[in-house]
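Chemist: pasting the sequence and the predicted coordinates here, then a few questions.
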Amino acid sequence: MKALKKLTSAEELFEHSKDWALLILRIIPSFYLFFYHGMRKITAGTESWEWLGKAAMTLIGINFGYVLFGFLAAFSEGILTWLVSLGVCTRVSSLFIMITMFFAGAYHLADGESPESPFIYFTVYLVLFLLGPGKFSLDRRLFNNG
């Protein structure tokens, strides 16, 4: 009966369960975002970055800096996902990934495709932005002395 009460209560399921959940939420989605999207984009080069930047920025009327914006998207998916996995600069990295996922979702929506995947990633990184990386992170060790 005590176990059932724990399952239905708002208290932690076990010691540091929130921190373990944040660790899992940092590592698994970041791995998939990097492996299936970021790795290819960060190594693709300027032509790909220009296409990527143009695809997203023209949605909001920006007609310049396509290579830069495309690189920032590739950087978010290809480098910042690693920082989130490790729990380094987690909130800042999550914010940049959220912006990238917002534009990716808007692009897919405007193109008549499903925006589901980018908006799910957006939600994951929103949670990490709001809650932080948790106890099992380098952020905690570097900035909170322990």
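Modeler: Okay, I see it.
Chemist: CA atoms for contacts and neighbours, from now on please.
Modeler: Fine.
Chemist: tell me the first helix or strand C-terminal of the longest helix along the chain.
Modeler: Assignment by DSSP state H gives helix 90-110 as the longest helix of the chain. Sequence order places helix 116-131 as the next helix or strand after helix 90-110, per DSSP states H and E.
Chemist: what's the longest helix of the chain packed up against?
Modeler: In terms of contacts (3 or more CA pairs under 8 Å, 6 or more residues apart in numbering; DSSP states H and E), helix 90-110 is packed against helix 46-57, helix 81-86, helix 116-131.
Chemist: what's the second one in contact with?
Modeler: I take that to be helix 81-86. Applying CA atoms under 8 Å, 6 or more residues apart in numbering, the contact partners of helix 81-86 are 23, 26-27, 30-31, 33-34, 89-90, 93-94, 97, 133, 137-138.
Chemist: could you dump that helix to CSV, C-alpha only?
Modeler: Only the C-alpha atoms of helix 81-86 are listed here, as CSV (Å, rounded to 0.1, in the frame of the first residue of the first chain):
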residue,chain,number,x,y,z
THR,A,81,23.1,18.9,-28.1
TRP,A,82,26.4,17.6,-26.7
LEU,A,83,26.6,20.4,-24.2
VAL,A,84,23.1,19.6,-23.0
SER,A,85,23.9,15.9,-22.7
LEU,A,86,26.9,16.7,-20.5
